[in-house]
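J.: A predicted structure for the sequence below; I have some questions about it.
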Amino acid sequence: MHTTLTRLQNVFGFFTTVACFVAVFIALSVVVTPQAPSASIKLQNIQVVKGRPHYYSTKRAEFAHIRFDLDTDISSLFGWNTKQVFLYITATFPSSSTNEPPSQAVIWDAILPSKYEPWHENQYIHPPSASSPSSSSGTKSKSNAKSKSKSSKSKSSASTDAADYNPGLLSLSAQRPKYQITTPAGRIASLSNATLELNWNIQPWVGALVWTNRADFGLWKGLKGGRSKSFDFPALKESGSKGAGAGTGKKEDLKTEKGAESNRGKPA
């Protein structure tokens, strides 16, 4: 009866029981970890133009391009069980029809990794300081061998600099959106009483996902701030007119952040 297979099954069963117990303990331990997040978000600039909001759009529609200022201190969200925090900003505004509920759309998001998570190109990395060597880019006249050695050095310096910043501290000024927003009806100009809100989703190593909490829950304090003052979308001006709400708008002013943010500390 005490064969090798039976012994292996008993050892594996005992191991899985202990592993499940440890996983449950780790998942519940976050409840006793204090959290006190705070944030400030302000509208910097908004433009409403008419065109193709996306490259796959089949028709022209009104869409909004929103720039904002963001200052956050969500460092308390990064506990020992935090893998990464998915941070995103939504714009909430009334629908074009009074019979429909308010609309909500994401204008910007970022993946904030903990210091213990391996680096990935989709993660948001804080911009390097002005005194950092990686802030100056190499010229095209350098040879490929030098560029490769420089790249390896920059990667090693990026890993060492990872412990020098706090992943929960963000300070963005006149940040461009990653997504332009519109409505199903294709009309967004002159809508009033819109707000910007900061939201997050905590992805732990073990346990359930935790979404934005704005109310106190035990040792978890609700988000302080994180909501802008109400604003109105400007009226759509005729094509060729000057101003922030011009019908066409300058291409430079309507650029959005793509998959790799321009201010991320990506190795050269």
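T.: Looks like it came in fine. Numbers count the residues shown, from 1 in each chain.

J.: Where does pLDDT dip in this protein?
T.: Residue ranges of the chain with pLDDT under 70: 1, 125-165, 237-252, 258-268.

J.: got the residue ranges for the helices in it?
T.: Remark: helices assigned in the chain by DSSP state H are 4-29, 144-161.

J.: Could you state which residue of this structure sits nearest its centroid?
T.: residue 110 (2.1 Å; Cα atoms, centre = their mean).

J.: Would you quantify the distance from it to residue 197?
T.: 15 Å (Cβ to Cβ, to the nearest Å). In this view, the C-beta of every residue, glycine as well, is placed from N, C-alpha and C.

J.: in the sheet, who's paired with residue 82?
T.: residue 204 (DSSP bridges).

J.: Quick check: it touching residue 207?
T.: No - assessed by Cβ atoms under 8 Å, residue 82 is found out of contact with residue 207, at 9.9 Å.

J.: Of those two, which one has the most company?
T.: Neighbour count, other Cβ atoms under 10 Å: between residue 82 and residue 207, residue 82 has more, with 24 against 19.

J.: if I read this right, the residue nearest to the centre of the chain contacts residue 124, doesn't it?
T.: Yes - between residue 110 and residue 124 a contact is recorded at 3.7 Å, counting by Cβ under 8 Å.

J.: ok, now which ones touch the nearest residue in space to residue 45 that is not next to it in sequence?
T.: Spatial nearest neighbour of residue 45, chain neighbours left out: residue 67 (4.2 Å); criterion: Cβ to Cβ, 6 or more residues apart in numbering. By Cβ atoms under 8 Å, 6 or more residues apart in numbering, the residues touching residue 67 are 43-46, 174-177.

J.: Out of those residues, which end up buried?
T.: Using 16 or more other Cβ atoms under 10 Å as the burial test, these include 43, 46, 175-177 as buried.

J.: Would you mind extracting the C-alpha trace of stretch 14-23 into PDB?
T.: Output in PDB follows, covering the C-alpha atoms of stretch 14-23 (Å, rounded to 0.1, in the frame of the first residue of the first chain):
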ATOM      1  CA  PHE A  14       0.100  18.100   1.600                       C
ATOM      2  CA  PHE A  15       2.000  20.600  -0.500                       C
ATOM      3  CA  THR A  16      -1.200  21.900  -2.300                       C
ATOM      4  CA  THR A  17      -3.000  22.300   1.100                       C
ATOM      5  CA  VAL A  18      -0.200  24.300   2.500                       C
ATOM      6  CA  ALA A  19       0.100  26.400  -0.700                       C
ATOM      7  CA  CYS A  20      -3.600  27.200  -0.600                       C
ATOM      8  CA  PHE A  21      -3.500  28.100   3.000                       C
ATOM      9  CA  VAL A  22      -0.500  30.500   2.400                       C
ATOM     10  CA  ALA A  23      -2.200  32.000  -0.600                       C
END
